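Asks: got a sequence here, can you model it:
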Amino acid sequence: MTPFDLQRMLLDDFPLLFIGEVALRALFAFVAVFLFLKISGRRGIRQLSLFELVVILTLGSAAGDVSFYDDVPLLPIITVFITLLFLYRLTLWIMAHNKRFSCWMEGKPVTIIKDGLYELHSLEQMNISSDEFFMELRQQGVEHLGQIRMGILETDGDVSLFFNDAESVVPGLSVLPPEHRPIYLRAPASGLYACTRCGYPQIIEEHQDSTCPRCKNSEWSVALRTQRLH
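Replies: Residues are numbered from 1 along each chain as shown. Below you'll find the predicted structure:
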């Protein structure tokens, strides 16, 4: 093998006309994936469920193989697409008629914030880092948890928020970036602090360390009281 051989790197032993076949195969794959999504009834792919993501990845693998490999015939790939479409529609039909199966496939919405506090039983179910979750909240105009009456993690990964009105806002844990949300083991000054794990607010005296009575966490951040700007 000759290093940096342009012929090998660009086309190898294939004839130049094979480039045209690759273009035709790519067009076939594009049309097949488009028709699959169209026939399956999806109106968009902004958020995919776990099941739909598996289907799309399988489609992508089949489309990629038929696009680039000369020894992959088209008819077996068409069979793959038809089989996936059948399985997709069958699974959706079963999910529509069987709630238990639907919950197993899609999961359930999880309440993660209630009355300005994290729901402790939901913390273990969250497959998202606190930084990512705080970013989601900031993008929806949240400054601290006390502004939120209820927060629900949907099955597609989106977070639905229901806000307190101005009179009902309570002190809460800041969701600002770390440089604006210092964390303390001992309070630098007397005041109201929020548990960094569950959001529980508590008055702590200067230089005092404290353990959260709700989740046994020992790290605290200054609780915020600001109202949400619409």
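
Asks: strands of this structure, residue ranges please.
Replies: Using DSSP state E, the strands of the chain run over 110-114, 117-118, 148-153, 159-163, 191-195, 201-204, 220-222.

Asks: listing partners with orientation, what would you give for the longest one?
Replies: The partner list of strand 148-153 in its sheet, established with DSSP bridges, is strand 110-114 (antiparallel), strand 159-163 (antiparallel).

Asks: for the last one, buried residues please.
Replies: Neighbour-count burial for strand 159-163 flags V159, L161, F163 (criterion: 16 or more other C-beta atoms under 10 Å). Backbone N, C-alpha and C define where each C-beta goes, glycine included.

Asks: stretch 24-43 too?
Replies: Neighbour-count burial for stretch 24-43 flags R25, F28, A29, A32, V33, F36, L37 (criterion: 16+ other C-beta under 10 Å).

Asks: the first one - nearest residue in space that isn't next to it in sequence?
Replies: For R25, ignoring the flanking residues on the chain, the nearest one in space by C-beta to C-beta, 6 or more residues apart in numbering is S67 at 4.8 Å.

Asks: just list the residues touching the one you found, thanks.
Replies: V22, R25, A26, A29 (C-beta atoms under 8 Å, 6 or more residues apart in numbering).

Asks: name the nearest residue to the third one, ignoring sequence neighbours.
Replies: It stands for A26. S67 (4.6 Å).

Asks: for the residue at minimal distance from the centre of the chain, phi and psi?
Replies: The centroid of the chain falls nearest to G157 when counting by C-alpha atoms, centre = their mean (4.1 Å). For G157, the backbone dihedrals (degrees, to the nearest 10) come out as phi 90, psi -10.

Asks: from L53, how far out is it?
Replies: 10 Å (C-beta to C-beta, to the nearest Å).

Asks: just F162 next, same as before
Replies: Distance from F162 to L53, counting by C-beta to C-beta: 28 Å.

Asks: please apply the same query to S122.
Replies: 23 Å.

Asks: quick one: which of those two has more around it?
Replies: More neighbours surround S122 than the other of S122 and L53, with 16 against 12 (other C-beta atoms under 10 Å).

Asks: how is the protein partitioned into domains?
Replies: 12-104, 110-222 (automatic domain parsing).

Asks: how far off centre is the last one?
Replies: Spelled out, that is domain 110-222. Offset of domain 110-222 from its chain centre (C-alpha atoms, centre = their mean, to the nearest Å): 20 Å.

Asks: same question for the shortest one.
Replies: In terms of C-alpha atoms, centre = their mean, the centre of domain 12-104 is found 22 Å from the chain centre.

Asks: chain neighbours aside, what residue packs nearest to F101?
Replies: I94 (5.5 Å).

Asks: quick one on the thing from earlier: can you tell me which of the buried residues of stretch 24-43 has the lowest confidence score?
Replies: Across those, no position has a lower pLDDT than L37, which has 68.

Asks: separation between A26 and G20?
Replies: Relative to G20, A26 is positioned 11 Å away (C-beta to C-beta).

Asks: go on, F134?
Replies: 51 Å.
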